[in-house]
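Q: For reference, the sequence and a predicted model appear below.
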Amino acid sequence: MSRARGELACLQTFKNSSSVFGGMVVPLSPMGIVVLFLQIVSLFLLVPGLPFFRRKGGKRNLIRHGYLAALALVLHTITMLVVMVPSFSVNFDSIGDLSILQSLTVWLHVVTGTAAEILGIFIVASWAFKPLQQMTCARRKWLMMPTFIMWAVSLISGAVILAVGII
Ligand code: HEM
């Protein structure tokens, strides 16, 4: 058995629980549920940066937001490298067999997730490689809301992929 087939078989073994979606019984992968949970946690770690949730407290609060964003990025990176990238490469050929809507959902997830990861690394690195109190991240503030939105879109499309059992 080739390595790719072996990994596919391994991923399939996780698909042993099920949910009802649109009247159809759809497999729900326990590994996918763990990934979705970690993704939801990572998105919530970014919430203290949002205008609605920022409280008074100035620089200290923003530094806390910086630490939480760095932690969110670590979680996002781990789930991407350990589960999503291997699953994507194993299932790559079968994406061509999906319906247009399903394949759009997969590509939306891949593109927004990758963009959020790259922008997140750029923002966090621009802060972490200088003394933290200098808040060099503030120069990248204009990038943060687009990054947050892409992060959220990738989470929602990932949840749809899992719920519908597209991959
Ligand atoms: C994955 C990385 C990050 C994301 C997705 C993110 C997200 C956000 C969001 C959505 C906002 C609100 C933007 C707005 O008001 O238009 C914001 C504000 C801000 N964030 Fe981040 N952030 C990240 C990393 C960081 C880091 C590492 C720092 C460094 C401490 C930081 C410092 C700030 C500052 C200074 C503001 C502006 C606060 C203000 O104007 O009152 N962010 N962030």
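A: In hand now; what should we look at?

Q: next helix or strand past the longest helix seen in the chain?
A: The single longest helix within the chain, with elements called by DSSP state H, is helix 100-128. Proceeding N to C from helix 100-128, the next assigned helix or strand is helix 141-164, under DSSP states H and E.

Q: outside of that following helix, which residues touch it?
A: The contact list for helix 141-164, computed with CB atoms under 8 Å, 6 or more residues apart in numbering, reads 19, 21-22, 26, 28-29, 32-33, 35-36, 39-40, 42-43, 46, 49-50, 76, 102, 105-106, 108-109, 112-113, 115-116, 119-120, 122-123, 166-167. For glycine as for every other residue, the C-beta is placed from the backbone atoms N, C-alpha and C.

Q: How about the residue in the chain that the ligand sits nearest to, nearest residue that isn't a chain neighbour?
A: Closest to the ligand within the chain is G66: 2.6 Å, counting by CB to the nearest ligand atom. Among residues not flanking G66 along the chain, W127 sits closest, at 5.5 Å (CB to CB, 6 or more residues apart in numbering).

Q: Neighbours of the one you found, how many?
A: Using other CB atoms under 10 Å, W127 has 22 other residues around it.

Q: was I right about it contacting R139?
A: No: counting by CB atoms under 8 Å, W127 stays clear of R139, with 9.5 Å between them.

Q: list the contacts for the residue of the chain closest to the ligand?
A: V124, W127, L132, C137.

Q: The helix or strand hosting it: which residues count as buried?
A: Take DSSP H and E as the rule and G66 turns out to sit in helix 58-79. Neighbour counts over helix 58-79 (16 or more other CB atoms under 10 Å) mark L62, I63, H65, G66, L68, A69, A70, A72, L73, L75, H76, T79 as buried.

Q: ok, the last one - contacts?
A: This means T79. With contact taken as CB under 8 Å, 6+ apart, T79 is in contact with V35, L38, Q39, S42.

Q: Apply 10 Å and report the result again.
A: V34, V35, L36, F37, L38, Q39, S42, V85, G113, G158 (CB atoms under 10 Å, 6 or more residues apart in numbering).

Q: is the ligand contacted by the helix or strand encompassing the second one?
A: If I follow you right, that is V35. Following DSSP H and E, one finds V35 within helix 30-45. No: Helix 30-45 lies out of reach of the ligand by CB under 6 Å from any ligand atom, never closer than 8.9 Å.

Q: returning to what we had before: could I have the PyMOL command that selects the buried members from the contacts of T79?
A: With 16+ other CB under 10 Å as the criterion, this PyMOL line picks the buried residues out of the contacts of T79:
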select buried, resi 35+36+38+39+42+113+158
